[in-house]
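In: Let's see this in three dimensions:
(2 chains)
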Amino acid sequence: MSTGDPKGLRIEDFDLIEQQEGDRMILSVGPHHPSTHGVLRLVLELEGETIRACKPEIGFLHTGIEKNAEALTWQQAITVIDRMDYLSPLSNNLGYVLAVEKLLGVEVPERARVIRLLMVELQRLASHLAWLGTTALDIGAQSVFFYAMDMRESILDLFEEASGARMNPIYIRIGGLANDIPEGFENQVKEFLDLFPKRYKELRDILDANPIFLDRIKRVGMISKEDAIAWGLTGPNLRATGVDYDVRKAFPYLDYETYDFEVPVGANGDTYDRYIVRMEELWQSYRLCCQALERLPDGPWRIEDRKIVTPPKHEIRESMEQLIHHFKLVSYGFDVPAGEVYQAVESPRGEIGFYVVSDGKNKPFRVRVRPPSFYNVMALPKLLEDCLIADMVSVIATVDPVFGEVDR
Amino acid sequence: MPDALVERLVEAFPGVVEPLETPFDIPQVRVNDPAPLVEICRWLKDDGFNMLIDIGGVDYLPRPNRFEVVYHLLDMSALRRLRLRVIPNEEKPEVPSVGEVWPSALAPEREVYDLFGITFTGHPDLRRIMLPDNWRGHPLRKDYPLQGPRFNEEKKFPSQQARFRAPKLPGTLEPGK
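Out: The predicted structure follows:
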């Protein structure tokens, strides 16, 4: 193991340029600051109230998830990957699980695919609602936070009903799901979806024509199409600039190509467009949920291969062979054929990609995650260029970073 | 079954770029010599790969030339992907930075430097990004203990084990007894 040079903090880390010109001031924002949505430190170089340069400092929440995943079996690694993007854990699950299933060469049944899609789209609703509440709160519209969090809570109740956990459900597993949806779950989802249009309209009514809100976010934090692509923005932040790149349309998974939905795009790439794109995505996700609920078929909700999924309890009690399978899966896991795969899915924050390398053993050799928030945060210097310091708050809020994912 | 793009790329950089099999839809090539990487990337960008999706490192430890830097590229208009696998020298792992081709490369290059210890020459600000500046070692290397650097310290200084262990609660048994 090589040793890095044990340097302490250096003064040049804090200065953006060695020679300061004129009346420039260095301001350090964070890591604990209510507007940074987590633990982000920004070193700003100010000229009056205008941000001339900015340096994001991350890593305060680094927990070594990629290293930990290498020490767990394939199925266990979902638990740590679940905790990366804690506002949309199911999207993380899905990307990893699809990657491993590609390596294994298994295809999950129709019912599992539809439930996965339903859950992931509900997760997108929940994540965008949490974003909407906190963003509006940052900009000064307090009541939206309560409306949005109330709606998000009803979605989290659905997750609790299905998987037993609100925040980190670990519901999507290799080979299908953790368990089938409980009885009456469809009706509960239906109840929520029936109320959704009315509640969604309430939210739009509060914000869409609110002159104070619009003044704060229009023509702020603009980025051009070319810059957004060059800096690696994905998701709603990229679509706000007018690029209609959505992994669900471009590289479909989970039969997204058979569903009817649109990809909303903006025009200017400012915070207003990012707001509108996410609000429209809420509506598209609602439509996808309705379609998934309509076509939810009966049938098996996971594959039948007992070498990958644990047998049900009654089979274990009756059959010696199933008991052996169960013991083997719990103690050793299963081997995955050697190979490597990149699987991208559209998380609420953008393209989350899993580059999974297997060496044929029961543990992942390497799980590299392409975190969308990481790239979005590292593009902040471009977004904040020549912005007012008061607008920094709304720019960071509409970029929607989640630091569990940025730092991993 | 290499596709047309890979064939043209191999033709443009003979001897350096080597085609690999295409597993699961994404064509991939291996770059044996990292020195002309920036020219390869410029060529690819001119060919339409306008977005650098990700840079990640892999450590295949028992293998000679253990490190690999893996680039995922995306062509947003034609919707195609490409994977570049660059193998740096094991003794002195160095890869040229592609930050001048795609600015989004700068951040993940810092991460690969931090977690694998692979240097990116020409990077304007190559510092640790996740870990503190005075951290020792590079955690995602396969020979780095999962428990962190303290794992070895504890073995080295048995007299100071108390520093590395949580205090024993009264009434609990010593582990292993």
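
In: any idea which element the residue nearest the centre of chain B lies in?
Out: When Cα atoms, centre = their mean is applied to chain B, the residue found nearest the centroid is residue B:57 (1.7 Å). Using DSSP states H and E, residue B:57 sits within strand B:51-59.

In: Neighbouring strands of that strand in the sheet, and parallel or not?
Out: Here strand B:51-59 has these sheet partners by DSSP bridges: strand B:67-75 (antiparallel).

In: near chain B, which residues of the stretch 301-408 of chain A?
Out: Within the stretch 301-408 of chain A, the positions lying close to chain B (Cβ under 8 Å from any Cβ of the partner chain) are A:339-342, A:344, A:351, A:353, A:355, A:357, A:365-366, A:368, A:370, A:374-375, A:378-379, A:382, A:407-408. (Each C-beta comes from the backbone N, C-alpha and C, glycine too.)

In: and residue A:242, how far is that from residue A:269?
Out: For residue A:242, the distance to residue A:269 equals 7 Å [Cβ to Cβ, to the nearest Å].

In: One more: residue A:339?
Out: Applying Cβ to Cβ to residue A:339 and residue A:269 gives a distance of 38 Å.

In: What count of nearby residues applies to residue A:113?
Out: A total of 18 residues lie near residue A:113 under the criterion other Cβ atoms under 10 Å in any protein chain shown.

In: so what's the closest residue to chain A within chain B up against?
Out: In chain B, the residue that lies nearest chain A is residue B:104 (3.0 Å; Cβ to the nearest Cβ). Going by Cβ atoms under 8 Å, 6 or more residues apart in numbering or on different chains, residue B:104 touches A:230-232, A:375, A:378-379, B:51-52.

In: Mind checking what secondary structure the residue nearest to it when sequence neighbours are not counted has?
Out: Using Cβ to Cβ, 6 or more residues apart in numbering or on different chains and skipping the chain neighbours, the partner closest in space to residue B:104 is residue A:232 (3.0 Å). What DSSP: H, G, I helix; E, B strand; the rest coil gives for residue A:232 is coil.

In: was I right about residue A:232 contacting residue B:53?
Out: Yes: with contacts counted by Cβ atoms under 8 Å, residue A:232 reaches residue B:53, the gap being 7.4 Å.

In: So those two - more neighbours on which side?
Out: Neighbours per residue (other Cβ under 10 Å) separate residue A:232 from residue B:53, with residue A:232 holding more: 28 against 24.

In: Who are the contact partners of that one?
Out: A:375, A:378-379, B:51-53, B:102, B:104.

In: Could I get the phi/psi values of it?
Out: The phi/psi pair for residue A:232 (degrees, to the nearest 10) reads phi 80, psi 20.

In: Am I right that residue A:398 is in a strand?
Out: No: under three-state DSSP, residue A:398 falls outside any strand and is assigned helix.

In: related to what we said a few turns ago, now the common contact residues for residue A:242 and residue A:269.
Out: Common contacts of residue A:242 and residue A:269 (Cβ under 8 Å, 6+ apart): residue A:225.

In: Which one of those two is surrounded by more residues?
Out: Legend: neighbour count by other Cβ under 10 Å for residue A:242 and residue A:269, higher for residue A:269 (25 against 15).

In: mind showing which ranges of chain B have poor pLDDT?
Out: B:1-2, B:149-177 (pLDDT under 70).

In: List the contacts of the strand holding residue B:57.
Out: For strand B:51-59, contacts defined as Cβ under 8 Å, 6+ apart pick out A:229-230, A:232, A:344, A:351, A:353, A:355, A:357, A:365-366, A:368, A:370, B:66-76, B:81, B:98, B:101-102, B:104-105, B:108-109, B:111-112, B:115-116, B:118, B:140-142.

In: Save the contacts of residue A:232 as JSON lines, and put in distance to residue A:218 too.
Out: Listed next are these as JSON lines, based on distance: Cβ to Cβ, whole Å:
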{"residue": "A:375", "distance to residue A:218": "25"}
{"residue": "A:378", "distance to residue A:218": "25"}
{"residue": "A:379", "distance to residue A:218": "20"}
{"residue": "B:51", "distance to residue A:218": "28"}
{"residue": "B:52", "distance to residue A:218": "31"}
{"residue": "B:53", "distance to residue A:218": "31"}
{"residue": "B:102", "distance to residue A:218": "30"}
{"residue": "B:104", "distance to residue A:218": "27"}
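
In: ok, the residues you listed vs residue A:217, which is closest?
Out: Using Cβ to Cβ, residue A:379 comes nearest to residue A:217 of the contacts of residue A:232, at 18.0 Å.

In: gap between the closest one and residue A:235?
Out: Counting by Cβ to Cβ, the gap from residue A:379 to residue A:235 is 12 Å.

In: again with residue B:59
Out: Where residue A:235 is concerned, residue B:59 sits at a distance of 30 Å (Cβ to Cβ).

In: And for residue B:91?
Out: 40 Å.

In: Mind checking which of these two has more residues around it?
Out: Neighbour count, other Cβ under 10 Å: between residue B:91 and residue A:235, residue A:235 has more, with 27 against 7.

In: wait, the more buried one sits on residue A:344?
Out: No: the criterion here is Cβ under 8 Å, and residue A:235 misses it with residue A:344 at 11.4 Å.

In: what is in contact with those two at once?
Out: Common contacts of residue A:235 and residue A:344 (Cβ under 8 Å, 6+ apart): residue A:351.

In: Just the CA trace of stretch B:57-66, in PDB.
Out: Provided in PDB are the C-alpha atoms of stretch B:57-66 (Å, rounded to 0.1, in the frame of the first residue of the first chain):
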ATOM      1  CA  GLY B  57     -11.000   2.600 -11.800                       C
ATOM      2  CA  VAL B  58     -10.700  -1.200 -11.300                       C
ATOM      3  CA  ASP B  59      -8.000  -3.000  -9.500                       C
ATOM      4  CA  TYR B  60      -7.400  -6.600 -10.800                       C
ATOM      5  CA  LEU B  61      -4.800  -7.300  -8.200                       C
ATOM      6  CA  PRO B  62      -3.100 -10.600  -8.900                       C
ATOM      7  CA  ARG B  63      -2.800  -9.700 -12.600                       C
ATOM      8  CA  PRO B  64       0.300  -8.000 -13.800                       C
ATOM      9  CA  ASN B  65      -0.600  -4.400 -14.800                       C
ATOM     10  CA  ARG B  66      -3.300  -4.500 -12.100                       C
END
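
In: Report the helix or strand with the lowest average pLDDT across chain A.
Out: Across the helices and strands of chain A, mean confidence by mean pLDDT, DSSP states H and E is lowest for strand A:24-29: a mean of 82.

In: elements contacting the helix or strand just after it?
Out: Next in sequence after strand A:24-29, counting helices and strands by DSSP H and E, comes strand A:41-47. Applying 3 or more Cβ pairs under 8 Å, 6 or more residues apart in numbering or on different chains; DSSP states H and E, one finds that strand A:41-47 contacts strand A:24-29, strand A:50-57, helix A:389-399.

In: Which residue comes closest to residue A:261 once chain neighbours are left out?
Out: Nearest to residue A:261 is residue A:284, by Cβ to Cβ, 6+ apart, at 4.7 Å.

In: The one you found belongs to a helix, doesn't it?
Out: Yes: counting by three-state DSSP, residue A:284 is found in a helix.
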